[in-house]
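coords please:
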Amino acid sequence: MQNVAKTNSGAAAAAAKKESLEERALNELKRYVIIVLYLWVLFALFSAYKRLLLHENGISVWNESFAIVNALIFGKVILIAQALRLGGNLRDRALVWTVLGKSLLFAAVLILFHIGEEAIRAWFKDLPLSTAVADFGGGTWPGLVTYGAIFFVALIPFFAMQEVSDALGADALWSLMFTSRRKAFRLVQE
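All right, here's what the predicted structure looks like:
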C-alpha cells in the first residue's frame, strides 16, 4: 500500500519495531520469571529433602544451597537453550513426545551445566575435579541417574504447560488457568 500521508515511514517503522522489541522483552521477562519460580521451588525442595535425609542419618549439616541463585542461573540457561532451539526438531511430533523429549534434553543440559559449574568452582579452589560430581547424587552413577530422572520428571509439567500454551495461545491458557470464571474454548484442528 502506498504511503498516502507522506509521513516518515522509516520513523514509523522504527517506532513499530521498538514497540515489538519492548513487547518481546516483556514476554521474555515473564517467561524468565515463570522459569525461575518453577526452578526455585524445585531446588528448594531438593535442598530441604537432602537436609532432612542427612539429619535423619545423624549428620548435622547446614548446607543450605542457594536455591534462588541456582534458579536464576539455571533459568537463564533454559532461556538460552530455548533461544538456541534445543529440542526444536521435536515440534513435528505428537505433543507428548515433544514434552518428554524436551524434558529429557533440558534435564541433561541442567545436569551437565551443574557439573561444569561445580568443576569450575573446584578448579578455583584447587580441589580435585572429582569433587564436581561428589555433591551431585553422591558422586556415583546411580545417584547421578537418580538426579537426572528426578529432573526429567520434574520438568514434564513445565514443558507440558509451555507446549500447551504455544498450541492454545499464551493468553488463552493464562486466562483459563488464572481467572475465576472458566471460559469455553473451542479447539479447531487445522
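
so what's S165 up against?
173-174 (C-beta atoms under 8 Å, 6 or more residues apart in numbering). For every residue, glycine as well, the C-beta is placed using N, CA and C.

again, only using 10 Å
31, 34, 171-174, 176-177 (C-beta atoms under 10 Å, 6 or more residues apart in numbering).

so which of the residues you listed are in helices?
31, 34, 171-174, 176-177 (DSSP state H).

please pick the buried ones from those.
31, 173 (16 or more other C-beta atoms under 10 Å).

quick one, phi psi at L127?
phi -100, psi 160 (degrees, to the nearest 10).

how about the contacts made by it?
118-119, 121, 134.

now, the residues you listed that are in strands?
Per DSSP state E, strands hold no members of those.

now the helix or strand harbouring F106: mean pLDDT?
Assigned by DSSP states H and E, F106 belongs to helix 95-124. Helix 95-124 carries an average pLDDT of 90.

buried set for it?
98-107, 109-111, 114, 118-119, 122.

give me the element the nearest residue to S103 once chain neighbours are set aside is part of.
In space, and not counting its chain neighbours, S103 is closest to L155: 4.1 Å by C-beta to C-beta, 6 or more residues apart in numbering. In the assignment (DSSP H and E), L155 maps to helix 141-168.
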